[in-house]
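Student: Predicted model, plus sequence, below.
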Amino acid sequence: MPPTRFVLAAAFAVAFAAVAADRKAVADDRVVNVALEDQFRNRHETLRYRGDVVVLVYAERKGAEASLELGRRLHVRFHPSAAQAAAGEWSRQPVVGLAGWPAGIAPPDVHVVPVACLPEVPKALEPVARSRFRKESPFVPVWLDFQDTLRHRFGGVPDAPNVVLLDTLGRPQGVSSGHVDDTEFTELAGLIDRLRWRSLEDRTAAAPPATIR
């Protein structure tokens, strides 16, 4: 596994094996809230998706096409009916279940969020950029990162997709940077499903409200 990809994979293994008290301490300290507007000027915050897994797929201009393709592939992996859905319904398809998941409890959804990193766009031209994204993506919201917030906060490589996983409590759980081949895609999907499973214990753990940073 190249060092620029899934650089926190070892941390994942430790986290999944950690005792509940250790995970509680991490949750209290590491919850984040990413807030950005989309091309329609609608404001989005990752904490609104608390209870689900959030996958932020971001890139600057030269990596945009590969980033969007990865985001589409991830969305269809967890929402298979999207492959046959009309464009306006593509993002509203139900999440695939988990084999062995307890009956009567809805499994966590997986929100794959495309983010365009646009620090090179002057303030005066931001409306032009929004207009272009509205034309290119009239149905699926694309979060527009004019301040390069994600790359400053989580890092990333130019000219390629970057991925951040947020667990069901809003905690960063991994960063992937660079091209994702089939093997790495399978590993990434597996990590997301493990985060979904881990939410069962997180739901039952008594914890005070987390501090957002």
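Tutor: Cool, the structure landed. These numbers were taken from a predicted model, which means no experiment stands behind them. Numbers count the residues shown, from 1 in each chain.
Student: host element of the nearest residue to residue 71 once chain neighbours are set aside?
Tutor: Across the structure, with C-beta to C-beta, 6 or more residues apart in numbering as the measure, the residue nearest residue 71 apart from its sequence neighbours is residue 57 (4.2 Å). The C-beta positions use only the backbone N, C-alpha and C, and glycine is treated the same way. Following DSSP states H and E, one finds residue 57 within strand 53-59.
Student: all strands of the chain, in order?
Tutor: Chain-ordered strands for the chain, with DSSP state E as the definition, fall at 35-38, 43-45, 53-59, 110-117, 143-145, 162-166, 172-177.
Student: one step back: how far does the strand holding residue 57 sit from the chain's center?
Tutor: Its chain's C-alpha centre lies 3 Å from the corresponding centre of strand 53-59 when counted by C-alpha atoms, centre = their mean, to the nearest Å.
Student: Show me what that strand is packed against.
Tutor: Judged by 3 or more C-beta pairs under 8 Å, 6 or more residues apart in numbering; DSSP states H and E, the packing partners of strand 53-59 are helix 64-78, strand 110-117, helix 149-154, strand 162-166, helix 182-204.
Student: Tell me the pLDDT of residue 159.
Tutor: Turning to residue 159, the model gives it a pLDDT of 90.
Student: Output the lowest mean pLDDT helix or strand found in this protein.
Tutor: Taking mean pLDDT, DSSP states H and E as the measure, the chain has helix 9-17 as its least confident helix or strand, at a mean of 36.
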